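Engineer: Okay, here's the prediction I keep looking at, along with the sequence it came from:
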Amino acid sequence: MSKVEFNKETGPREVFCGLTSIVWLHRRMPDAFFLVVGSRTCAHLIQSAAGVMIFAEPRFGTAILEEKDLAGLADAHEELDRVVNDLIERRPEIKTLFLVGSCPSEVIKLDLATVAEKLNKRFLGQVRFVNYTGSGIETTFTQGEDGALKALIPLMESSDEEKLLLVGTLANNVEDRFKKIFRNLGILNIESFPPRQSTEIPKIGKNTKVLLTQPYLSDTARVLKHRGCEIISAPFPLGIEGSTEWFLAAAKAFKINELKVHEIISPLIDRAKLALESHKEILKGKRLFLLPESQLEISLARFLHNECEMDLIEVGTPYLNKDLMKEEINLLPDNTKIVEGQHVEKQLDRVRESNPDLVVCGMGLANPLEAEGISTKWSIEMVFSPIHGIDQAADLAGLFSKPLKRNKILTSKTLVTH
Amino acid sequence: MELTLWTYEGPPHVGAMRIASSMKDIHYVLHAPQGDTYADLLFTMIERRGQRPPVTYTTFQARDLGGDTAELVKKNIKEAVERFKPKTLLVGESCTAELIQDQPGALAKGMGFDMPIVNLELPAYSKKENWGASETFYQLTRTLLKEKVSYSEKISPLRWKEFGRRPKVNILGPSLLGFRCRDDVIEIQRILSEQGIDTNVVAPLGASPDDIERLINAEINVCLYPEIAEATCDWLKRNFGMEYTNTIPIGIKNTIEFINEVHKKLDLPLTNKKELENKSKLPWYSKSVDSNYLTGKRVFIFGDGTHAIAAAKIANEELGFEVVGLGTYSREMARQVRATAKDLNVEALITNNYLEVEDAMKKAAPELVLGTQMERHSAKRLGIPCSVISTPMHVQDVPARYSPQMGWEGANVIFDDWVHPLMMGLEEHLIDMFKHDFEFVDGHQSHLGHTATNSKDILNSDEKKEKNSKEGIIWTESGRAELTKVPFFVRSKVKTNTEKYAILRGIPEISDETLYDAKAYFS
């Protein structure tokens, strides 16, 4: 392991909660509905984070708790029953309904697992109910997906068939690219989790080799391992380096010759390096500060340093699973400062002191930093854009070079710098 | 439990944040889990604010719940006070913290600070954003002024005469995330100044706690947005005798009435009465012959109480539209909206469910929708032009240009904003009329874009439905042909009415004649 500096910080945080992941999960599974059992705050959060006004009728909603639901839990269960009935009547095409716990439902100890169990019996053969929590007292942003996937694992039937299981939501086009490359490598049995249809849940067993596509799936990986799956240890497929290592690790697990991997992906690598050049020119030598939010920060830091030659000031992450991130951390330059957790005020003090060229942060902080003359990139864009794989490396770099490029355009008009 | 897919208003603590973020030298410690920090983006992204809202979130986690969350609250309060040095501290809780009952307000008061502390109790499971903003502004004002109640004389609106100076008023209610508040304030101050009236304090927008303490230096209060300021105005009236205005100066008539009301309260003679009619271009533009086609345009209105009521009055009395639907999501304003609706012979729609609003819109078959950003989307789907008149805020509702809703310039803005989409509506009508001509190029679209083809889609889908009409009614060739000649924006209404008429009369097949029979029957 490279000599990376680990730090922990506690204090006030500025991050999304796990409910936010519903925004991409519901798009991944068009036959699923996500029903948050929570407060008006939960409803307002999701619509604000997602800008959902574009939808006619979204496939997620909130059963908003009212005073009378708090008075007696028995009534709350009954009320939830009523809401679910109405919903299923209104949306008969729904095949899976996720009952998503929230901060208030956790605090009043609303037992959504039991509710889901009862509903499963009543709607047997029509709708399946799955329960997990996206509450902010337990989960940060992408951890919501970890919870949702973990909750689906008990529904996975057992099978000893040898297969590659890609775990973590990917953009459909990226997923198709990956599958094509794996097929070219000779891995023919490939499935994805979460699936594109909520009812088409992959079977798993001792010959299932799990390749994580996202770094935030700690719990899912742990439970899949319990079910006998092999978790392939690899960095994550962000950038050329990460993706190459990722393909190599998969090939190794399937006993495919390394040379074959290189043969298939080297044209892609050459192409991607070419595309990366113009972005690298902008990013080279620029100083980067990543605030914690998506758990993608470590992989992004690795890509932006190793392939785009940026200097890393601080790499924040809301949560660090050193075991899962082992391969990533090994690729980081020595003396990288990783900070797990957050004290937003102290961290912003460090941002100002270190005078970075670019800060990766949440939407709440971006404009205030811009107003102080610091260029920013919203972290939420990483989970909404197709950024995985060799072919997307330049696009990923583009997300970071664009704010710097823009900054240069806007200031060079008024400033003669030489 | 209420199923909500989308909500017009946020929770009440977001209302409190609107007050805190609008003001200077205030800090709000909010006992809340980390996810609640999303609310910052409402200010930094939608309003494009260059500062973070002055809010510290305690961001307690599940593991804190077993221990001492009260200690966590105190630690955050201490740090926030040391770091931000506010002149007044607001302390409250969001929905989840309300359940664990740490009473952060009481904790803060026990910490021995010198500054005033406002303990906000905003019931998250029964109230919403505007209520929260109103309550916060009221509690803040009360905290900062209550000690002056006992020795302050009742404030006479006429005392400026004794003081030998121009009369002074406060402008109360404008806040961040309020619809065009930034520009309304400038417009109203300008109008008052022209009348020889000075502005004492504008609050909460841009005010500090010191300014709140100065409120009683004015003679009367202008209650610009009752959703936010009425409770405060009421308290100032009860305790200091300060009169406040009831008229909201949106539209020409209301602006003139507002000026009259202020003059009357201050006993200030109005010298430029005749000039007032000509301060805005709206009256003449509306009277000009080009606007003849506006007569009787069917308009559907939905928004917050204040803007919906004002829009109904302008539509009806100043532009000559026909109001075919009126509603609000502001339950606090339901009574007033119902009264306005009754005057206009429509039934008021009071709801927080946007799908109900969309249904009502569809049924009313309007030619123009005046609504929130959500109605803009619904109207787009239905192919109806729309102008946005109310919150919830969208980044487009914070335009770079000066764009008030109130006063003379507000009336100009309203004329343009409401009539321009309608011009396009007229254009659509012409396209529809000429589409059977051989010169007509299929796919020709005006700047409403998709709606030109949309009118055809409706027709196509209608045709499919016609064959399988639920009631078993058959549309004959002639009936269908006649229906296509009806302008698209009333076509669905004509279709529904004709079918209703056919059922009523037991007519199994609808021909062109049935259409005319139905038209005569319903006219």
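Structural biologist: Now that the structure is in, tell me what you want to look at.
Engineer: Now the residue of the stretch 51-200 of chain A found nearest chain B. Its backbone dihedrals?
Structural biologist: Per C-beta to the nearest C-beta, A:Gly136 is where the stretch 51-200 of chain A lies closest to chain B, at 3.0 Å. Where you see a C-beta, it was placed from the backbone N, CA and C, and this is true even at glycine. Main-chain dihedrals, A:Gly136, degrees, to the nearest 10: phi -80, psi -10.
Engineer: list the contacts for it?
Structural biologist: Neighbouring residues of A:Gly136 by C-beta atoms under 8 Å, 6 or more residues apart in numbering or on different chains: A:17-19, A:102-103, B:33-36, B:96.
Engineer: Please enumerate the helices of the stretch 1-150 of chain A.
Structural biologist: For the stretch 1-150 of chain A, the helices defined by DSSP state H, counting those that start in this stretch cover A:22-28, A:40-50, A:67-71, A:73-90, A:103-107, A:112-122, A:143-152.
Engineer: Just the C-alpha atoms of the last one, please, in PDB.
Structural biologist: It stands for helix A:143-152. Taking C-alpha atoms only, helix A:143-152 is exported to PDB below (Å, rounded to 0.1, in the frame of the first residue of the first chain):
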ATOM      1  CA  GLN A 143     -25.100   4.500   0.100                       C
ATOM      2  CA  GLY A 144     -28.900   4.500  -0.800                       C
ATOM      3  CA  GLU A 145     -28.100   2.300  -3.800                       C
ATOM      4  CA  ASP A 146     -26.000   0.000  -1.600                       C
ATOM      5  CA  GLY A 147     -29.000  -0.400   0.600                       C
ATOM      6  CA  ALA A 148     -31.400  -1.000  -2.200                       C
ATOM      7  CA  LEU A 149     -29.200  -3.600  -3.800                       C
ATOM      8  CA  LYS A 150     -28.600  -5.400  -0.500                       C
ATOM      9  CA  ALA A 151     -32.300  -5.600   0.000                       C
ATOM     10  CA  LEU A 152     -32.700  -7.300  -3.400                       C
END
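Engineer: Next, the residue nearest the centre of chain B: secondary structure please.
Structural biologist: Taking C-alpha atoms, centre = their mean, the centroid of chain B lies closest to B:Ser390, which sits 3.0 Å from it. On the three-state scheme (DSSP: H, G, I helix; E, B strand; the rest coil), B:Ser390 is labelled coil.
Engineer: Which residue, other than its chain neighbours, is closest to it?
Structural biologist: B:Gly303 (2.9 Å; C-beta to C-beta, 6 or more residues apart in numbering or on different chains).
Engineer: ok, now how distant is that neighbour from chain A?
Structural biologist: 15 Å (C-beta to the nearest C-beta, to the nearest Å).
Engineer: Any idea what that residue is bridged to?
Structural biologist: Note on B:Gly303: beta-bridge partners by DSSP bridges are B:Thr328.
Engineer: Turn the contacts of A:Gly136 into CSV, including pLDDT, neighbour count and distance to B:Ile117.
Structural biologist: Formatted as CSV, the contacts of A:Gly136 follow (pLDDT from 0 to 100; neighbours: other C-beta atoms under 10 Å in any protein chain shown; distance: C-beta to C-beta, whole Å):
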residue, pLDDT, neighbour count, distance to B:Ile117
A:Cys17, 95, 30, 28
A:Gly18, 96, 27, 33
A:Leu19, 96, 31, 32
A:Ser102, 97, 32, 29
A:Cys103, 96, 33, 25
B:Pro33, 96, 29, 23
B:Gln34, 95, 27, 24
B:Gly35, 95, 33, 26
B:Asp36, 97, 31, 21
B:Thr96, 95, 29, 22
